[in-house]
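Participant: no sequence for this one, just the structure:
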């Protein structure tokens with residue numbers, strides 16, 4: 001299922017990332033690229049505003065990055081995307097912990113995944129399950145990833161992108 005991701009809602013759920021960092025979106029997109037590559041997953045990531053000098057819509061690797069127009073929010077853009085998808089929305093998964101976005105996704109019959117749950121899946125996929133507690137069947141247990149480990153992966157993604 002392709003993903004529709006509420007980017008700024010996801011950032012604070014990932015260990016080592018913070019909305020206060022100037023390159024928070026770039027770091028998130030690096031992690032999402034690796035996740036999509038490993039899972040052979042398509043994704044659209046929505047942000048509240050485009051960085052200065054960047055277009056509203058662009059492609060970063062396998063990820064379609066969509067920034068809200070002036071006066072709009074990422075939540076609004078996700079709801080519009082679900083409406084535009086029509087019946088095909090049921091083949092998408094919306095990643096957000098925002099209640100209004102989840103409600104819109106359920107109304108469109110899309111699958112809903114909280115940002116907290118997806119952050120666990122993302123880090124588990126990237127680390128190859130190394131952070132999952134042994135014997136865990138639920139997948140809902142918290143994983144432990146240090147800020148240093150996140151930074152190491154981000155450096156690796158940047159190096160791979162340069163190649």
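Facilitator: Nice, I can see it. Given the structure is predicted, the values throughout are model-derived calculations rather than measurements.
Participant: quick one, strands of the chain?
Facilitator: 3-6, 43-47, 57-60, 63-67, 93-95, 111-113 (DSSP state E).
Participant: would a markdown table of those with distance to residue 120, mean neighbour count and mean pLDDT be doable?
Facilitator: For glycine as for every other residue, the C-beta is placed from the backbone atoms N, C-alpha and C. As requested, those are exported to a markdown table (distance: least, CB to CB, whole Å; neighbours: other CB atoms under 10 Å; pLDDT from 0 to 100):
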| stretch | distance to residue 120 | mean neighbour count | mean pLDDT |
| --- | --- | --- | --- |
| strand 3-6 | 14 | 25 | 98 |
| strand 43-47 | 17 | 23 | 96 |
| strand 57-60 | 23 | 12 | 85 |
| strand 63-67 | 19 | 22 | 93 |
| strand 93-95 | 12 | 25 | 98 |
| strand 111-113 | 10 | 17 | 97 |
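Participant: just so I know, which of those lies nearest residue 85?
Facilitator: Each of the strands of the chain was scored for nearness to residue 85 using CB to CB, and the closest is strand 3-6 (8.8 Å).
Participant: So in that sheet, which strands flank the closest one, and in what orientation?
Facilitator: Counting by DSSP bridges, the strands paired with strand 3-6 are strand 43-47 (parallel), strand 93-95 (parallel).
Participant: Could I get the strands of the chain in JSON lines, plus columns for distance to residue 73?
Facilitator: Formatted as JSON lines, the strands of the chain follow (distance: least, CB to CB, whole Å):
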{"stretch": "strand 3-6", "distance to residue 73": "10"}
{"stretch": "strand 43-47", "distance to residue 73": "9"}
{"stretch": "strand 57-60", "distance to residue 73": "16"}
{"stretch": "strand 63-67", "distance to residue 73": "10"}
{"stretch": "strand 93-95", "distance to residue 73": "15"}
{"stretch": "strand 111-113", "distance to residue 73": "18"}
